Each structure stands twice: as structure tokens, then as C-alpha cells.
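Asks: Provided below for reference: sequence and predicted model.
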Amino acid sequence: MKKDDQNVQPLRLDGQTLVDQLQILASVGSDPRGGRTRLAASKEEGEGRDLLVEWMKELDLEVKVDSVGNIFGLLHGEEGGAGGSPLVLGSHIDTVISAGPYDGCFGVLSALAVARAFRTAGRTPSRPLVVAAFTNEEGVRFQPDMLGSLCFAGGISPEEALAVTDSHGVSLEESLKEIGYNGPLTSGFFAPGEYLELHVEQGPILDREGLSIGVVEGVQGISWWRVAFRGKANHAGTTPTALRSDAGYGAARTIVFLRELALSSGTTLGTVGTLSLEPGAVNIIPSKAVFTADIRDPSEERLAEADDKLKAFAEELASAEGLEVTLERLARFSPVVFSQSLCALVEETARELGLSSRRMTSGAGHDAQMMARICPTAMIFVPSRGGISHSPDEHTDRADLLAGAEVLLRTAEKLLAKE
Ligand code: GLV
Ligand code: MN
Ligand code: MN
């Protein structure tokens, strides 16, 4: 019998199991706002990890966990087959605060659906297929974001990544130990052949244009800062305005500056998502104001310019207002361009399936932008209703989810076909 004859069963997407698993995972860490909160390496995220590992084992995948908690489910390739580097499919299962059901989980569980299709058909890929779930993609609890994939790609050492602490001073290492996901393997323990990530768009473009598939050519650059103004606490009723060192005013002016900077650039986005004032009383001039700034731009030049302008503005303002200011870098990633040949393959696959598509750049950060450092990488997007994400209202229609998963399956099938 020719070797090819062993692999005759067609691969089929089990859409019902995919949708069921998405729903089950979405119920883990459910919160009173109607969303789910599974911050990286938290107890709730640990429960999500346990579920994922159980589902990987049901498919007889070999589960491997590296020292920064990245989870890999390995479907071995043909013995004596083409060998070669694994095709990695994946994303993340940690969430932001009160997240929607699909951000990250869709990519991981669709990757699992690809492995399931091989198992159900009794087929063995010519080279290994790996289902990956990376640690701390969201960056809400630990910074920088995409920490697990950054480490896997060699952008930060495991020691440095494990030493990162959350706002309560708890390290990633302690947190992973607590949930039992401080694995034995060195991050980056294998070299992927390619990486493909399926994700909800999280923006309005596909939904507005009535298209099924986004062929993602790259990701815009990201810059995160923690800005702290320090002034003098004093009485709100007795201190003349000209004599104040008001840290809250420093923060407010800088926040407005960031919005104006974004508006004048046209492509830059600026967000202040956290803000705290100390001591925090109605009748005390704030002695300290701390906020985060999230700046993004598809152009590295404009992103660097925005970084410089923010810093210069905050420093000039501090000196004029009798304040001290510090700007601490939390994350900085340049824009990334994905593999043109993988994008073409995704595009061709969507066309063969009769699905409409367009090329686009991702506004959100993704593990794919880290994996692109070490192997040919691309992403597939499906529409997000109303462009809403990082919210319990995040929604993608079932048909769109399954269309995206089908594109992932068929693209993977082509990549895993024998030469
Ligand atoms: C991750 O979701 C990000 O883009 O912040
Ligand atoms: Mn995501
Ligand atoms: Mn996200």
C-alpha cells in the first residue's frame, strides 16, 4: 500500500463541539457584569487551563507546559514521515476584566478543532501539529502584554518574565506555581515551522463591510506607559490656585494632551484606561496621580514621535506646575508585518470556500506578533458585531465563527500536506 492511501478520510470540522467548548470556557470566571474575568495565572484562569488540558488529553494530544506557563498540545506527525518543524495554531485563554467570550479562546479552541478533525478522520499529519495557549496575552495583570509568546520567541528571558509582578507585588512565578502551571520546559523548546492564529477582529471593519474573513497582514505598534505625577497634598478650601502643586491637574492635562495628539495625527490612538489619585478625598489636593497610557500606531515613526511628545509634554507641565513626573515603560512593540505567502494561502483558502475576504492590519495586539519573530506567521479574522470587544457585549455570529474555523482547518490541511 502506498503511504498516501493511509490518509484518505476527509477532514471535517466538528462545529458543534467547537461552539459548545467556547460556551463552556466562556462560563469559567463569570463575573457580575455579565462577562468573564480570567486574569493571567489567576485561580479562574487556572480553571480554564485545566479544562483546556482535559480537552487536549481527550484528543490524545501530548500536553507540554513550559516554565512561563505556555501550554502546548502536540499531535505527533507521521513516523518516518516528512518530519520537519511543527505547524503551531493557537492564541490565549487569559482575559481582560469582564471580557467577551471569544477573544483568544476562539483561536485556541479552533486550533483544537483542527486537531480533532485529524483524530476523527484517523489521519496523521506529515509533521507535528501543535495547539498553543500562551500566558498573559492581555497584559492586564502582568506587563508587558503577550508575555508568554514574547518569552517563547526569545524576546525576554524566562527568569525576567517570571520575576514580573502584578499590582499587589505577586510574581508571575508565584502565581503559576499556585495554579500548577510552572512547567518544566524551557520556553522556546521547539522551533515552529509556521504560526497561524484565528481571532475575532475586535474592530468594526468586517462587520461594517459585510465580509466574512479578514486576512491579517500585520499588527500596529504598541506603547504602554505608567505615568506618575507627584505634588503636595493640601487643603482644598484654603490653598490659592496659584500656590498648588496638584498632581491630579497634571494627570488631567496630560490625558487631554494625549487625545489631542491622537486627533492631530490621524493614525495614532491614545487611551488612558487606569487612573488613581492619592490620598483620594473630596477636600484634599491630590499629592499623587498615577495613570496608564496605551498608544498605538501602524507607523513606527509616528509611534516613536507620539512617545517623545507625551514625555516632553508631561515633563514641561511638571516643571511649570511644581510637580515631579516619572514615565515608566510597561510595553513597547514595533509594528509587525506577517508572511505574504501565508496571507496569500489564507486568502486563496477563503476564496475556495466561497467566503468574502479583505486584507487588513490588526489594531489589537496578538501572540502572532511575537511568533512572527521566529517563523512565518499570519492571522485570520472573523467579524465582531458592532466592532465591540474587551466587553461582555463582544459577539460573533455562529456562522462567522464556523467560517473562520473552516478557513483555519483548510489552511492547516494544505500546510500539513505532504510534499
Ligand atoms: C490585547 O488584547 C490588546 O490589544 O491590548
Ligand atoms: Mn486576544
Ligand atoms: Mn484582548
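Replies: Yes, it's here. Nothing here was measured: the structure is a model prediction, and the numbers come from that model. Ligands and ions are numbered 1, 2, ... in the order given.

Asks: Roughly how far does the closest residue to ligand 2 within the stretch 201-350 of the chain sit from V88?
Replies: Going by Cβ to the ion, ligand 2 is nearest to Q202 of the stretch 201-350 of the chain, at 7.3 Å. C-beta coordinates here come from the backbone N, C-alpha and C atoms, glycine included. When Cβ to Cβ, to the nearest Å is applied, the distance between Q202 and V88 equals 21 Å.

Asks: is it fair to say the residue of the stretch 201-350 of the chain closest to ligand 2 lies in a strand?
Replies: No. Using DSSP: H, G, I helix; E, B strand; the rest coil, the assignment for Q202 is coil, not a strand.

Asks: For Q202 and V88, indicate the residue with more neighbours.
Replies: In terms of neighbours (other Cβ atoms under 10 Å), V88 is the more surrounded of Q202 and V88; the figures are 26 against 21.

Asks: just checking, the more buried one touches M371?
Replies: Yes. Assessed by Cβ atoms under 8 Å, V88 is found in contact with M371 at 7.1 Å.

Asks: which residues do the two both contact?
Replies: In the contact map built from Cβ atoms under 8 Å, 6 or more residues apart in numbering, the residues linked to both V88 and M371 are P192, Y195.

Asks: Quick check on the residue of the stretch 201-350 of the chain closest to ligand 2: phi, psi?
Replies: Note on Q202: its backbone torsions stand at phi 70, psi 10 [degrees, to the nearest 10].

Asks: and the closest residue in space to S356 that isn't next to it in sequence, how many neighbours?
Replies: On the basis of Cβ to Cβ, 6 or more residues apart in numbering, the spatially nearest residue to S356 that is not a chain neighbour turns out to be L211, at 4.7 Å. The criterion is other Cβ under 10 Å. On that basis, L211 has 20 neighbouring residues.

Asks: now do R226
Replies: For R226, the neighbour count with other Cβ under 10 Å is 15.

Asks: what pLDDT does the residue of the chain most remote from its centre get?
Replies: Each residue of the chain has a distance to the centre, and by Cα atoms, centre = their mean the biggest one is for T238: 48.3 Å. pLDDT for T238: 98.

Asks: any idea how far ligand 1 is from it?
Replies: The spacing between T238 and ligand 1, counted by Cβ to the nearest ligand atom, to the nearest Å, is 43 Å.

Asks: before we move on, what SS does that residue have?
Replies: Three-state assignment for T238 (three-state DSSP): coil.

Asks: Wait, a helix at the residue nearest to S356?
Replies: No. When the secondary structure is assigned by three-state DSSP, L211 falls in coil instead of a helix.

Asks: Near ligand 1, which residues of this structure are found?
Replies: Taking Cβ under 6 Å from any ligand atom as the criterion, the chain approaches ligand 1 at residues E138, D145, A364, G365.
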